[in-house]
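Asks: here you go, sequence then predicted model.
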Protein chains: 2
Amino acid sequence: MKPLLSPRELAHAIGVSESSIKRWIDDGLIGATKTAGGHRRIAGSEAIRFVRESRSILVRPDVLGLQELAAVEKDITAGGDDADRLFVYLKEGRAPEVNGLILSLYLGGQSVAEIIDGPFQTALEKAGELWTKEESGIFWEHRATEIAIRAVAVLRTLFSPAADAVIALGGAPTGDPYILPSMSSAAVLESTGLRAENLGADIPLDSLMRAVETLRPSLVWLSLSVIGDGKDMEQQIDRLARQLSERGVRLVLGGRAVERMDLLPRPGLHIGESMRELEAFAKGLVANSVRSEQAAFQSDRETVNESRKNPRERSGI
Amino acid sequence: MKPLLSPRELAHAIGVSESSIKRWIDDGLIGATKTAGGHRRIAGSEAIRFVRESRSILVRPDVLGLQELAAVEKDITAGGDDADRLFVYLKEGRAPEVNGLILSLYLGGQSVAEIIDGPFQTALEKAGELWTKEESGIFWEHRATEIAIRAVAVLRTLFSPAADAVIALGGAPTGDPYILPSMSSAAVLESTGLRAENLGADIPLDSLMRAVETLRPSLVWLSLSVIGDGKDMEQQIDRLARQLSERGVRLVLGGRAVERMDLLPRPGLHIGESMRELEAFAKGLVANSVRSEQAAFQSDRETVNESRKNPRERSGI
DNA sequence: ATATTATTGGATGAATTGGATGATTTGAGC
DNA sequence: GCTCAAATCATCCAATTCATCCAATAATAT
C-alpha cells in the first residue's frame, strides 16, 4: 500500500471526481495533510478509514493496492512496482485485482504491448522461476495462467475493429499447447486497430494455411513457446513462410522458442522479439494499407496477384 | 460495463423514472452505496443483477456500457433460435455479438448453467458436426472455441465471490487439452456463489491433489473431454476419489468422456451429466454449508477431521 | 361498480458533483 | 542547480442529484 495518496489516486480508486475528494478533505470528511506547497496528501490508513465508513465501492482496488480491507497488512508487502503487485495477485489467485490492475495500466496510457512486455511478462516469469523450485509449482502456474487468460480476454473487449479493418490471423502450432501468448498477440494486434483472428494453440499449420485462404489476412502471426521436433517444425514453418510470401502476406514469428530455431530468411518473414515489435509492425501495416487504399478496391484475387509480384513493396517495415 | 452508475443512468437504461430507481434503492431492492454528499451510486454488477431478477427490459443497454448488447438486440428481430444465432456468430467470428448474446440470455433470466447446457453447447456441437465434414474444419473450430473462451471469461467478471465463500477447485486432467469445459464449470460454480479455482487443462492429478491440500476446497470438479489411456486414467481418478473421500471433499466428474469410463462408486463421488447438475450440486453444498455454519467456526483442522468421520452427512445431495 | 391502497413518475428548491480554467507545485532528468 | 512535463492548486459554474410532496395511474378489496 502506498504510504501517501494524492486526491486523484483516491478519486480513481473509489470512482468519484477529484473535485469531490478535495471538497471532502476541505470539509474535514477526509483527514489529510498538506505539503509545503499546499498539495493535499492522504495517509493510506485514512483512505482506508474513509472507504470503510463511507462504504464506498472500490472501483479500482489496484489503485489503493488492497481489496479486502481486513487484509491490509498483507498488501503492504506487495510493494510499489506494478509487476510485483501483479505477481502477488496472480500468486494469490485474485482475479478481480488482476483485471483491475491491467485495465488501469491501459487506461493510464500504457499500450497493450507495453503492459504485456512489461509487468505481465515479468510477473509471469517471476512466477515461473519461483515455482520451478517448488514441488507443487505446477498448480500455482496453472491457476495464474488461467487468471491471466481471463484478464487478456477482458482487456480485449475494449477493442472493436472496424468492419474494413486489416485482418491478422495466427495461433500456436501443433505441439504447442500454450494459449496465452497467442491470445496476447491477438490483443496487441486488435489494440492497434487490426482485426485479429486467433486460432489458439495446437493448430496444424496446414489448417492455418486453409484459414489464410478463407480469411485472406494481411498478417499472420505464430506464437512459438515450445517446439516438439525442432527440425520438422522448422521445415513446416519455412514452407508456411514460402506460401505466405508467395501471396504477399507478412508472417511474424514470436515466442521464447523462436530463438532456438534456425530459419531461412524470406521476404515478408519477420521475427519479433517482443510484443512492442509486433505492435510496431502492425502499425506499419495499417499505415501502409491506408496509403494503398485505392489498390484495395480491386478484387481480392487481383490484389493477391499484384502483391505477389512485389511482396516487399507493401511492407511497412 | 460501467463500474458505477447514478440513479439516472440506470433509470434511462431500463426505461423507468429516476424517482422509482431512488425509491427502490431506499427500499433495499437495489443495492447501492452513497457518496459522502449523499448521492446514490449503484455498482455495475448490482445493476446487472437487478435487471435480471426484476425481469426489466434494457431499453438502452449502451447506457450501462453494454454496447455489445445493443448490437445483438437488433438481430433479435431477425428471429431464429438462440442456439442458431450463437452458432452463426461463432462461425462468422463475431466475438462482440457472442458476448452480447450470452449476456442478454443471462439478463433474460437464464442461469449460467442453462445457457451453457443449452445454446452454448448446441452451437458448439453443431459447429463441430458441420466442420468434421469439411476439410478445413479444424480452423473454424479453433476460432469458435477461442471466442467462446473469451465469452465465458467476460461472463465470469459478473460474479465476485464473498471472502468466506465455499471453495471449489478443478480442471481437466493430463492428456486433456480442452480449456473451455473446465472454464465453463468454474463460471457455473461462481454463479452460484462459490469461489472457483480453475487450474485449466492438462493438470496432473497429483498437482491437483497438492492444490487441494493448499486451498482446501469443499468441492473438486474434473472435466473429462478426452482421455488418453483409459485404464490408467480410471485408476488415477479412482485414487483421487479415494483421497478426496477421506478428506470429506466432494468430487464431481463431468464431460463427454465420463460416460465411457468405468468407475467404482465412492462416497462423495458424483457424476454430473450437465452443467445444471453441477449447479444444483453446488447450490446444495452452499445451502448445507450455511446450515452448518456454526461448525465452520471451528478450526480448519477440526472441520476436516469432523467431516472425515461422516463424509456423507454434509453432502447436499 | 366503487372505494382503498400501492406504485409510478413529475416538479420543486436546495445541495452535491464534476469539469474547466490559468496559476502553482512537484519530481525526475540532465 | 536548472529545466520541463505532469500533477495539483483554488475557483467558478453548469449539470446532476437530493429529499419531499403530489397528481396520475394501476392494482386490489369491498
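Replies: The structure has been received and is ready for your questions.
Asks: now the strands for chain A?
Replies: A:4-5, A:33-34, A:40-43, A:167-171, A:195-198, A:219-223, A:250-254, A:269-271 (DSSP state E).
Asks: run through who's touching the third one.
Replies: The set of residues that contact strand A:40-43 without belonging to it, under CB atoms under 8 Å, 6 or more residues apart in numbering or on different chains, is A:3-7, A:10, A:22, A:25, A:30-35. C-beta coordinates here come from the backbone N, C-alpha and C atoms, glycine included.
Asks: out of these, flag the one nearest to residue A:88.
Replies: Among the contacts of strand A:40-43, residue A:3 lies closest to residue A:88 (CB to CB), at 17.7 Å.
Asks: on that earlier part again, out of the strands of chain A, nearest to DNA strand D?
Replies: strand A:40-43 (3.2 Å; CB to the nearest atom of the strand).
Asks: now do the contacts for the residue in chain A that DNA strand D sits nearest to.
Replies: Closest residue of chain A to DNA strand D, CB to the nearest atom of the strand: residue A:6 (2.6 Å). With contacts defined as CB under 8 Å, 6+ apart, residue A:6 is in contact with A:39, A:40, A:41, A:42.
Asks: and the longest helix along chain A, how far out from the chain middle?
Replies: Longest helix in chain A by number of residues, with DSSP state H as the criterion: helix A:137-156. With CA atoms, centre = their mean, to the nearest Å as the basis, helix A:137-156 stands 12 Å off its chain's centre.
Asks: re earlier: filter the contacts of residue A:6 down to the buried ones.
Replies: Neighbour counting by 16 or more other CB atoms under 10 Å in any protein chain shown classes A:40, A:42 among these as buried.
Asks: distance to residue B:200 and pLDDT for the contacts of residue A:6 - can I get that in a markdown table?
Replies: Below are the contacts of residue A:6 laid out as a markdown table (distance: CB to CB, whole Å; pLDDT from 0 to 100):
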| residue | distance to residue B:200 | pLDDT |
| --- | --- | --- |
| A:39 | 46 | 85 |
| A:40 | 45 | 93 |
| A:41 | 43 | 90 |
| A:42 | 40 | 86 |
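Asks: tell me the confidence at the residue of chain A closest to DNA strand D?
Replies: On the pLDDT scale, residue A:6 is placed at 85.
Asks: please enumerate the helices of the stretch 201-317 of chain A.
Replies: A:205-215, A:230-246, A:275-291, A:293-296, A:300-309 (DSSP state H, counting those that start in this stretch).
Asks: can you tell me which helices and strands the first one packs against?
Replies: Other helices and strands packing on helix A:205-215, by 3 or more CB pairs under 8 Å, 6 or more residues apart in numbering or on different chains; DSSP states H and E, are strand A:167-171, strand A:219-223, helix A:230-246, helix B:137-156.
Asks: that helix to strand A:219-223, inter-axis angle?
Replies: Interaxial angle, helix A:205-215 versus strand A:219-223 (axes from the mean of the first three to the mean of the last three CA atoms, to 10 degrees): 150 degrees.
Asks: and the direction of helix A:205-215 versus that of helix A:230-246, what angle?
Replies: 20 degrees.
Asks: average pLDDT for helix A:205-215?
Replies: Per-residue scores along helix A:205-215 average to 93.
Asks: weakest of the helices and strands packed on helix A:205-215 by average pLDDT?
Replies: For these, where the average pLDDT is lowest is helix A:230-246, sitting at a mean of 88.
Asks: one step back: give me the buried entries from the contacts of strand A:40-43.
Replies: Members of these classed as buried by 16+ other CB under 10 Å are A:5, A:6, A:7, A:10, A:22, A:25, A:30, A:32.
Asks: domain parsing for chain A?
Replies: Domain segmentation of chain A under automatic domain parsing yields A:1-60, A:78-158, A:160-309.
Asks: now the ones you listed as CSV including distance to residue B:253?
Replies: Shown next, in CSV, are the domains of chain A (distance: least, CB to CB, whole Å):
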stretch, distance to residue B:253
domain A:1-60, 38
domain A:78-158, 19
domain A:160-309, 23
